[in-house]
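Participant: prediction below, plus the sequence it came from.
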Amino acid sequence: MRASTLLIGAAILLGLTAAAAIFPHFPGDVALARLVQARLPGIAWAEVVTQSAGAPWKYVLAGAGALIAWRLAGWRGATVVLVAALALPPLGNGLKALADRPRPAASLIDVVGQPSGASFPSTAAVIYGAVFGSLAVLALAVRPRRWLLAAACVLVLLAAGAARVTLGAHWPSDVLAGYLLAFVGAATVQRVLKSKDSSGTNP
């Protein structure tokens, strides 16, 4: 992926973070969150998905994702997944501190329990994006392309994002920002590995 594309993605993410520091939610967040909650009733499934993004299960996800990535693209693919899954959540926490956006208000949507901390970006989205987003990209980058695996990863990402919105813990924009961070971060790791390979082949 071109460096310019990564810079644009990073700039968009920083712009969204600055906006999240001003606005408690973005246009369309409330309507989309209500739609998700109306279409996906029940919270048990959402709580299971949410728990899988926390310790110790997030390490299991990262390890399993790295094994699949190894099969797809060797040690480089596994490195992308592991570095993204371990390094990006702390970076997301830094953006949380900058934005300091409050959790969704119970007066606007249904909120399960009392979610604490800032909401932007969603840490669960960062973790799922780092693992399954990376796998989806790798599946489409190899030859022959693994379309079924890529589609399955996209479905997992949709389910993970919907889970956080269903519980009222995040706005849809929080989830999308988490996925954007995961995409930019994982793509950057992949680019660094490729550049090292290129430099290593030069006489």
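Facilitator: Here it is on my side, so go on.
Participant: pLDDT weak spots in the protein?
Facilitator: 1, 196-203 (pLDDT under 70).
Participant: quick one: list the elements packing against the helix or strand where residue 177 lies.
Facilitator: According to DSSP states H and E, residue 177 maps onto helix 172-201. Here helix 172-201 touches helix 3-20, helix 29-39, helix 57-99, helix 123-128, helix 134-141, helix 147-166, going by 3 or more Cβ pairs under 8 Å, 6 or more residues apart in numbering; DSSP states H and E. The C-beta positions use only the backbone N, C-alpha and C, and glycine is treated the same way.
Participant: return the residues in contact with the nearest residue to residue 16 once chain neighbours are set aside.
Facilitator: Leaving aside its sequence neighbours, residue 16 sits nearest to residue 177 (Cβ to Cβ, 6 or more residues apart in numbering; 5.4 Å). By Cβ atoms under 8 Å, 6 or more residues apart in numbering, the residues touching residue 177 are 13, 16-17, 20, 95, 120-122, 125.
Participant: now residue 177: how far from residue 7?
Facilitator: For residue 177, the distance to residue 7 (Cβ to Cβ, to the nearest Å) stands at 17 Å.
Participant: what's the answer for residue 109, then?
Facilitator: Counting by Cβ to Cβ, the gap from residue 109 to residue 7 is 34 Å.
Participant: equivalent analysis for residue 98, please.
Facilitator: Distance from residue 98 to residue 7, counting by Cβ to Cβ: 19 Å.
Participant: if we can go back for a sec, tell me which of the helices and strands packed on helix 172-201 is the most buried.
Facilitator: Comparing these by mean neighbour count (mean count of other Cβ atoms under 10 Å), helix 123-128 ranks first with a mean of 27.
Participant: just the C-alphas of that helix, formatted as PDB.
Facilitator: Taking Å, rounded to 0.1, in the frame of the first residue of the first chain, the C-alpha atoms of helix 123-128 are listed here in PDB:
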ATOM      1  CA  THR A 123     -10.800  -0.900  21.800                       C
ATOM      2  CA  ALA A 124     -12.700  -4.000  20.900                       C
ATOM      3  CA  ALA A 125     -12.900  -2.800  17.300                       C
ATOM      4  CA  VAL A 126      -9.200  -2.100  17.300                       C
ATOM      5  CA  ILE A 127      -8.500  -5.700  18.500                       C
ATOM      6  CA  TYR A 128     -10.900  -7.300  16.100                       C
END
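Participant: how about residue 85, nearest residue that isn't a chain neighbour?
Facilitator: Nearest-residue entry for residue 85: residue 62, 3.8 Å, with adjacent residues in sequence omitted and distances by Cβ to Cβ, 6+ apart.
Participant: what sits against the one you found?
Facilitator: Residues counted as contacts of residue 62 (Cβ under 8 Å, 6+ apart) are 81-82, 85-86, 127, 130-131.
Participant: export those to JSON lines and tack on distance to residue 184?
Facilitator: Putting these into JSON lines (distance: Cβ to Cβ, whole Å) gives the following:
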{"residue": "81", "distance to residue 184": "15"}
{"residue": "82", "distance to residue 184": "17"}
{"residue": "85", "distance to residue 184": "14"}
{"residue": "86", "distance to residue 184": "16"}
{"residue": "127", "distance to residue 184": "15"}
{"residue": "130", "distance to residue 184": "11"}
{"residue": "131", "distance to residue 184": "15"}
